[in-house]
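Asks: quick one, fold the following:
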Amino acid sequence: MDIEKRVEDSIAEHDLIILVENINGSGRLFGGQLVEWIDIIAGVVAKRHSQCNCTTAAIDNLQFKAAAHLNDTLVLIGRLTYVGNTSMEVRVDTYVEGMDGMRKPINRAYLVMVALDENERPTRVPRLIIETEAQRAEWEGGYKRTQLRKLRRKEGF
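Replies: The predicted model follows:
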């Protein structure tokens with residue numbers, strides 16, 4: 001596949017208000033609910049880039065940095081960081097947005113998504129055009145994470 005796309009071509013953002021049904025027994029955002037939203041955003045990013053249906057192959061890293069509470073405004077932003085042949089690494093950052101518009105990071109996750117053809121088999125994805133130093137740093141980090149995932153698979157993890 002000779003198609004190339006920019007990081008900006010597939011960025012996804014989702015804003016929402018945390019409701020009662022999203023709260024756990026401790027009065028905070030239920031972590032499983034956040035993981036679901038993160039997975040959805042990663043799926044949108046991957047689908048936009050590959051123009052295919054995609055499946056989640058791995059959640060490589062998921063760090064809860066702070067809590068979110070009832071009525072908080074949550075902002076999730078997903079972007080591609082790295083692409084392989086059939087897989088894509090998507091970074092999803094989650095923020096709580098204050099009344100003043102300031103965003104406080106509460107979570108960062110890296111997910112591996114795989115593009116599927118009409119027979120639900122992995123299919124090639126477009127190359128990623130790297131345009132900035134920040135994108136280059138993400139690409140290099142994505143490459144290192146890919147190598148670590150391969151090593152873990154080889155070791156049986």
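
Asks: quick one: strands adjacent to the worst-scoring helix or strand of the chain on mean pLDDT?
Replies: The helix or strand of the chain with the poorest confidence is strand 53-64; it has a mean of 91 (mean pLDDT, DSSP states H and E). Here strand 53-64 is paired, per DSSP bridges, with strand 103-116 (antiparallel).

Asks: give the buried residues for the partner strand.
Replies: By 16 or more other CB atoms under 10 Å, the buried positions in strand 103-116 come out as 106, 107, 109, 110, 111, 112, 113, 114, 115, 116. Any C-beta I mention is one placed from the backbone N, CA and C, and that applies to glycine too.

Asks: and the next helix or strand past that strand?
Replies: strand 127-129 (DSSP states H and E).

Asks: which residue ranges of this protein form helices?
Replies: Along the chain, the segments classed as helices by DSSP state H run 31-50, 133-154.

Asks: out of those, flag the one nearest residue 8.
Replies: helix 133-154 (9.6 Å; CB to CB).

Asks: how about residues contacting the closest one?
Replies: With CB atoms under 8 Å, 6 or more residues apart in numbering as the test, helix 133-154 has contacts from 7, 58, 60-61, 81-82, 84, 89, 91, 110, 112, 128, 130.

Asks: please apply the same query to stretch 35-48.
Replies: 9-12, 14, 16, 53-54, 56, 59, 62, 74, 76-80, 88, 90, 92, 94, 107, 109, 111, 113, 115.

Asks: residue 59 contacts residue 109, doesn't it?
Replies: Yes: in terms of CB atoms under 8 Å, residue 59 counts as a neighbour of residue 109; the distance is 6.3 Å.
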